[in-house]
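Novice: No sequence on hand, only this structure:
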DNA sequence: CGGCTTTAATTGTCTGACAAATGAAAATCG
DNA sequence: CGATTTTCATTTGTCAGACAATTAAAGCCG
């Protein structure tokens, strides 16, 4: 772990990189305690504020956690799925908003990913997950439901579908992707969407999962994608006018 | 944007969150210049080192870039696909290594995701991309190729396949996911893999893409997954002994 | 007008200090 | 002796002030 004062990078960035590599390659195991800030400063031959900036960089990526007090310090953090998803959602949301992704592109990506889990979901879905899906559908039929609540239930439905695949790695990738695209989807929802049609597609999906019929799940997802895509075209055509 | 000195969170974390929200919700547009560190310190009523820690947190997520000098400062960064992918790979790699994901789970997720882009790739693949795939296959048949070079070519092949879908959002999600799983895949590669079999599957995929035959692409991917899965079982069975 | 110098603004880094939290050791008391 | 309280050392969190390095713009000169 060496630091070059003449590098174009900041010292704090170099130190953060050195520590990050030690964590990624396993030199620093989960829950291991890093040297104290004063010790790190001495090791790298920099001041404590510089070390602190490096540690804050790692903390921003949830790679470490810090604790004050006698037995305190910085500890290697076990990255949880929730933290990882939160990070992914932030990144993904910004990527979508900053690069002018069209609704069509986002929709295509979203359903391509969701189709990826359909066969596994049909195979592995539990009775509980099926019940959860039915419960969300029921909620979506309630009269007097606000648009916000309908959207939340819609998201929950798709998230349960993703989790029915019973693959945590897959769930992590898909949940983050779908969650990040939700705001874009809501643009449509709040203006033009017919709840009856959506609920019908959701019911089809739930039925297909109950029958463990993967191709029927895929067909229902295709229908939902087509419907949403047509709505999107209408909304954006109306806007352009 | 208010800061609570009695919050359980650090001041720098609160400031980072406030600024991050301003970026995400669009109050701070791409390339906008943030106030100088001294101004931020005055606004939030904290010291400059505290502001700097907050800014380093944002820099760690590639949300801002900083520049020294007279017209310098911190600027909202346009998140590029490359930066986003690098961040995703780091997160994803750690998630896999820290949560003891089994080879089977990773393999299942990886091929589920790759299948997601197969129909789109068959539809949208360009002649150039097809040529790239053929070139990688040719490289993989060269005698005297090191294991490292073979793995690199394998990764390039799959990455080109993903990019053939011509959907940047999808490519971003998939490329990050596949890249992060590569080390796990290499465990297999370096011990038991037959290059001839792999090359044959790659050739099948390229042929199917040339014919724009989505179901043939899916079938070839399935075959490759099955082959890799069987190899994995053997390797881990041998290890357990 | 073009090139050079100066200047002001801004980030990067350092030093030294104090506050706050916290666990462990020491002291005290029943 | 045992339990409780107190003290203390360690460590992170925050602050103030300073100087160095960088850089764009303003000013100056030929």
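Specialist: Yep, it's here. Since the structure is predicted, the reported quantities are computational estimates derived from the model, not experimental observations.
Novice: Does at least one residue of the lowest-mean-pLDDT helix or strand in chain A sit close to chain B?
Specialist: Across the helices and strands of chain A, mean pLDDT, DSSP states H and E gives its lowest value to helix A:168-192, namely a mean of 82. Yes: counting by Cβ under 8 Å from any Cβ of the partner chain, chain B is contacted by helix A:168-192 at A:168-170, A:172-173, A:177. Where C-beta positions appear, they are placed from N, C-alpha and C, glycine not excepted.
Novice: can you state the direction angle for that helix and helix B:168-192?
Specialist: Interaxial angle, helix A:168-192 versus helix B:168-192 (axes from the mean of the first three to the mean of the last three Cα atoms, to 10 degrees): 170 degrees.
Novice: Show the subsequent helix or strand relative to helix A:168-192.
Specialist: Later in the chain than helix A:168-192, the nearest helix or strand by DSSP states H and E is helix A:195-210.
Novice: Which residues of chain A lie near DNA strand C?
Specialist: With Cβ under 7 Å from any atom of the strand as the criterion, chain A comes near DNA strand C at residues A:10-12, A:45-50, A:53, A:67-72.
Novice: What about DNA strand D: which of the residues you listed touch it?
Specialist: Near DNA strand D, by the rule Cβ under 7 Å from any atom of the strand, you find A:48-49, A:67-70, A:72 out of these.
Novice: Quick check: of these, which lies closest to residue B:237?
Specialist: Nearest to residue B:237 out of these is residue A:67 (Cβ to Cβ; 42.4 Å).
Novice: what about that closest one, how many neighbours?
Specialist: For residue A:67, the count of nearby residues is 10 (other Cβ atoms under 10 Å in any protein chain shown).
Novice: And the nearest residue to it once chain neighbours are set aside, how far from residue A:65?
Specialist: Leaving aside its sequence neighbours, residue A:67 sits nearest to residue A:73 (Cβ to Cβ, 6 or more residues apart in numbering or on different chains; 6.5 Å). Between residue A:73 and residue A:65 the computed distance is 10 Å (Cβ to Cβ, to the nearest Å).
Novice: neighbour-wise, which of these two wins?
Specialist: The neighbour count for residue A:73 versus residue A:65, taken as other Cβ under 10 Å, is higher for residue A:73 (17 against 14).
Novice: List the contacts of that one.
Specialist: When contacts are counted by Cβ atoms under 8 Å, 6 or more residues apart in numbering or on different chains, residue A:73 touches A:33-36, A:66-67.
Novice: how close does it sit to residue A:33?
Specialist: 5 Å.
Novice: residues of stretch A:77-86 that come out buried?
Specialist: A:77, A:79, A:83-85 (16 or more other Cβ atoms under 10 Å in any protein chain shown).
Novice: cool, stretch A:111-127 as well?
Specialist: So for stretch A:111-127, counting by 16+ other Cβ under 10 Å, buried means A:111-122, A:124-125.
Novice: For residue A:166, which non-adjacent residue is spatially closest?
Specialist: residue A:124 (4.0 Å).
Novice: That neighbour against residue A:163, yeah?
Specialist: No: Residue A:124 is beyond contact range of residue A:163, at 9.7 Å (criterion: Cβ atoms under 8 Å).
Novice: which residues touch the most centrally placed residue in chain A?
Specialist: The centre of chain A sits closest to residue A:176, judged by Cα atoms, centre = their mean, with a distance of 1.5 Å. Listed by Cβ under 8 Å, 6+ apart, the contact partners of residue A:176 are A:84-85, A:88-89, A:92.
Novice: Quickly name whichever of those residues is closest to residue B:181.
Specialist: residue A:84 (14.5 Å).
Novice: Please read off the pLDDT at the closest one from the model.
Specialist: The model reports residue A:84 with a pLDDT of 91.
Novice: Closest to chain B out of the residues of chain A next to DNA strand C?
Specialist: Checking the residues of chain A next to DNA strand C against chain B with Cβ to the nearest Cβ, the nearest one is residue A:53 at 4.5 Å.
Novice: The closest one contacts residue A:12, doesn't it?
Specialist: Yes: the criterion here is Cβ under 8 Å, and residue A:53 meets it with residue A:12 at 3.7 Å.
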